[in-house]
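Participant: dropping a prediction and its sequence here:
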2 protein chains.
Amino acid sequence: MDKQTNQTNQPNQQTKRVESIADMNQDFAQWYTDVVRKAELAEYAETGGCIIYKPYGYAIWELIQKSLDTRLKETGHENVYMPMLIPEHLLQMEADHIEGFAPEVAWVTYGGAEKLQERFCVRPTSEVLFCSHYAKAVESYRDLPKLYNQWCSVMRWEKTTRPFLRGREFLWQEGHTAHATAEESLAEALSILDVYCELSENVLAMPCIKGQKTEREKFAGALNTYTFESLMHDGKALQSGTTHDFGDKFARAFDIQYLDKNNKQQYVHQASWGVSTRLIGAIIMVHGDNNGLVLPPAVAPIQVIVVPIADHKEGVKEKAEELRARLAKICRCKIDLSDKKAGWKFAEYEMKGVPIRLEIGPKDIEQNQCVLARRDTGEKITAPLDNLEQAIQETLQSIHKNLYEKAAARLESSTHTAHSVDELKTILDSKSGFVKAMWCGAEACELEVKEQATATSRCIPFVQEKVGDCCFVCGKAAGKMVVWGRAY
Amino acid sequence: MDKQTNQTNQPNQQTKRVESIADMNQDFAQWYTDVVRKAELAEYAETGGCIIYKPYGYAIWELIQKSLDTRLKETGHENVYMPMLIPEHLLQMEADHIEGFAPEVAWVTYGGAEKLQERFCVRPTSEVLFCSHYAKAVESYRDLPKLYNQWCSVMRWEKTTRPFLRGREFLWQEGHTAHATAEESLAEALSILDVYCELSENVLAMPCIKGQKTEREKFAGALNTYTFESLMHDGKALQSGTTHDFGDKFARAFDIQYLDKNNKQQYVHQASWGVSTRLIGAIIMVHGDNNGLVLPPAVAPIQVIVVPIADHKEGVKEKAEELRARLAKICRCKIDLSDKKAGWKFAEYEMKGVPIRLEIGPKDIEQNQCVLARRDTGEKITAPLDNLEQAIQETLQSIHKNLYEKAAARLESSTHTAHSVDELKTILDSKSGFVKAMWCGAEACELEVKEQATATSRCIPFVQEKVGDCCFVCGKAAGKMVVWGRAY
């Protein structure tokens, strides 16, 4: 890239240039809702508790999908599609699972005018459908592993909803795998967690903490649940995705057996895992600022927006269009030739989080250059047209790196240590963030933290640190460091 | 491609090499079911009337999706996602629409343990959700056109089902657009029909007849429905996809108005259109033969399967793997290194319709060549390794061309003309296929054809031919030539 960078306009990120959205430092919840609507990501549907994924929001999801789908195929997974309705008898086959999901499923009871003999629930997740399939499809060790995934929507009859974060219907992928041994299903749950975190870091520019859920927080029916937790701008945690090791629990309930190499019947071991459109919520809340959305380049539907300046002057529109055509070959580039004022366009594409705005006017054309304005820093760079492709690519990379580093620095500075529930509560009430504390492993202590400090255990991080000797709740000997927080 | 082609094995397509599937000439329905299962495309799910899309079947759908999605984006359409549940009051807003769909929708009546105040149906199609959104989102002529599409599944509570052809749940795309004028919504319905037919011909190698549906056969709530009809191997018709022009019918029901350039309120004009996983059924029934599935190269998940011959001999596996790696750069290429016998592998990939089987053994290696076996003709071609990429690309193109031409020739030779209902019945009872006949336009005549000959009007083709002067049913003056047939 051109070294003659020229910082003409580095705004204070605390100032709010667009008046129509709430200040994130004053009312984060309102700011979030404003960004979702003003950036045209989604809006509420006539169907209560459900949203409409608008073109811009859905395009972000398509980019996340494509990135993850490629990774899943590269690691040997295959896509399938199972029915959206689950017969009631199937849902009931695994006791913990039905207990966890029954209160929040939607029931189909009529087909046309006819009352159905058996009810069907709209899938809240599809473990039981995959299990019922595997029970028939798996006969010998040669049929294993089964590494299936599906992209679909699921339904959970939630009372309170927020776009992308919690809704009655959301889009996701759910992987369901069957393996010969306990070691393999565990390895699957852990390796998919790695895939998720790699995606989070390299695609979403979002650092995360990997760990295991406590017994209390694990998935209904799982032996163990693994999670990656991210920190939002307001200091609250977001469970961004989970993977589950079922061991042979579902296999026993559904009688999924295979003939091993020694001709003996064995139960399969299973894993499941999912990430959802919740990741869009995470992107908004990790990177957004008071001018709106800030998109990591890898998931930006528009990576470069070309805005001609003084475009009534001869040759400006043509030159701008020429640049768009050049850049469209190397990135997702669009041009705005509408008759709106340049300032209005600037604000609109800032709201939409477009990583680079390319300005080109008569003077720039004279000097064979253009101006690149970075969404993440507000910095303006003068770039010669001759080597524009390289400047764009380097700037996109630099934006990703900067977004990641800013988020990582915030994660680091917002992670605290507590030695008592009071201390934890004080931290969360004042500074918010993640809190590390030693825990004895008793559910009673977890419950007390919830009651006293309205915080939950986010995970038992894989990377442990000894921040004390005793449980910060009961004072007994404690072997595990747990990360706590208030979560979405 | 190498000109030294060597036809060592051109089998008679009438002989059935794989014993485990029914003969298509004796029991076409059983043959279809056998292919769906043996080629591992789908199987019945525990949820009655629904199928599991297995990896190989779903991969074909992904390739169709990708081809169509690219075309839709290139023509300015944007993807969105609407809720899967429709509140009952919304479904009831357009009279013809509710009348058409009410008998076949699944109703959600409970959320968890709680009986809902209003029922929701699982979408059978989403016109009303898009209308309710447009009623809010469209204000001025500047907001038009809205060119939205969504990829999802829909549910229709069918009594009799067949994999891919008719099922309680199927995957599809549904486009829903809003325009300023009647001319524009009509133009949209017609131009999408062109996109579909271009896809059908250039991707699925499937010729089709384009036309308009009669009043009786049009979509519930549409002003006009357009269709492309394909002819299956057994002489039956398949409605492969439809587009609908609604005029302002839904706009009036949902009060979707915009302010035009003269500051006057106007109703929008709408279109909708969809193709579904039914296209997979069409591929099976248009191209399949007694050895199983035959896939057009553009939608073949595996385009070339490398099968090493005498692979216990030194260097064979390595050479085969080297070829796979080379070809994987230009096409979807896999290798089968399992310990199954070569003959068994041949039959398996024939059943799965893989366009090219590449055989390589010790003698081939000696002569720096390999053998390419075409799935469509059974022809074997000796190809030098030096220029293998080109030979593969040319063979894939040639397979597409041959499949299309074979299907087009069959469509042509299976299209007959009738001048009376008796004649039509005789043709359909003996030779099957499409039958052209003049029609007066009266629904009574259409009904009589249905009762007398169990045939329906497939469409009023855009390309009209005068095959007589009078209606072949009532004998009155007739201005329209209609194509009739028995359909899936």
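Facilitator: Sure thing, it's come through.

Participant: switch to C-alpha atoms for all contacts and neighbour counts from now on
Facilitator: OK.

Participant: which residues of the stretch 51-200 of chain A lie near chain B?
Facilitator: For the stretch 51-200 of chain A, the residues in contact with chain B (C-alpha under 8 Å from any C-alpha of the partner chain) are A:51-55, A:58-59, A:78-87, A:102-113, A:129, A:132-133, A:148, A:152, A:157, A:169.

Participant: the residue of the stretch 201-350 of chain A found nearest chain B: neighbour count?
Facilitator: In the stretch 201-350 of chain A, no residue comes nearer to chain B than A:Ser338, which is 11.0 Å away by C-alpha to the nearest C-alpha. Using other C-alpha atoms under 10 Å in any protein chain shown, A:Ser338 has 10 other residues around it.

Participant: circling back to that earlier point, buried subset of the residues of the stretch 51-200 of chain A next to chain B?
Facilitator: A:51-55, A:58-59, A:78-87, A:102, A:104-112, A:129, A:132-133, A:148, A:152, A:157, A:169 (16 or more other C-alpha atoms under 10 Å in any protein chain shown).

Participant: my read is A:Pro207 is in a helix, agree?
Facilitator: No: counting by DSSP: H, G, I helix; E, B strand; the rest coil, A:Pro207 is located in no helix; its state is coil.

Participant: from what I see, it and A:Leu403 are in contact.
Facilitator: No: with contacts counted by C-alpha atoms under 8 Å, A:Pro207 stays clear of A:Leu403, the gap being 9.9 Å.

Participant: between those two, which has more neighbouring residues?
Facilitator: When neighbours are counted by other C-alpha under 10 Å, A:Pro207 and A:Leu403 differ, and A:Pro207 comes out ahead with 27 against 24.

Participant: and the more buried one, what is it in contact with?
Facilitator: A:197, A:200-201, A:230, A:404, A:407-408, A:411 (C-alpha atoms under 8 Å, 6 or more residues apart in numbering or on different chains).

Participant: phi and psi next, for the closest residue to A:Phe164 other than its chain neighbours.
Facilitator: Of all residues not flanking A:Phe164 in the chain, A:Arg278 sits nearest, at 4.8 Å (C-alpha to C-alpha, 6 or more residues apart in numbering or on different chains). Here is the backbone geometry of A:Arg278 (degrees, to the nearest 10): phi -50, psi -30.

Participant: what is the least confident helix or strand in chain A?
Facilitator: Within chain A, confidence by mean pLDDT, DSSP states H and E is lowest for helix A:95-101 among all helices and strands, at a mean of 85.

Participant: quick one: the helices in chain A, in order.
Facilitator: In chain A, the helices defined using DSSP state H lie at A:28-38, A:55-74, A:88-91, A:95-101, A:127-137, A:182-202, A:249-254, A:278-287, A:316-327, A:342-351, A:362-366, A:388-413, A:421-430, A:443-453.

Participant: packing partners of the last one?
Facilitator: Just to be clear, that refers to helix A:443-453. Here helix A:443-453 touches helix A:421-430, strand A:456-461, going by 3 or more C-alpha pairs under 8 Å, 6 or more residues apart in numbering or on different chains; DSSP states H and E.

Participant: out of these, deepest packed?
Facilitator: Sort these by mean neighbour count, taking mean count of other C-alpha atoms under 10 Å in any protein chain shown, and strand A:456-461 sits at the top with a mean of 24.

Participant: hey, C-alpha coordinates of that one in CSV?
Facilitator: Extracted in CSV, the C-alpha atoms of strand A:456-461 (Å, rounded to 0.1, in the frame of the first residue of the first chain):
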residue,chain,number,x,y,z
THR,A,456,-23.8,-17.6,35.8
SER,A,457,-20.9,-19.8,35.2
ARG,A,458,-19.9,-19.2,31.6
CYS,A,459,-17.4,-22.1,31.5
ILE,A,460,-14.6,-24.0,33.0
PRO,A,461,-11.9,-22.7,30.6
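
Participant: so for that strand, what's the average pLDDT?
Facilitator: Averaged over strand A:456-461, pLDDT sits at 98.

Participant: partners of A:Asn79 in the sheet?
Facilitator: A:Asn149 (DSSP bridges).

Participant: coming back round to it: burial count for the residue nearest to A:Phe164?
Facilitator: Other residues within reach of A:Arg278, judged by other C-alpha under 10 Å, total 22.
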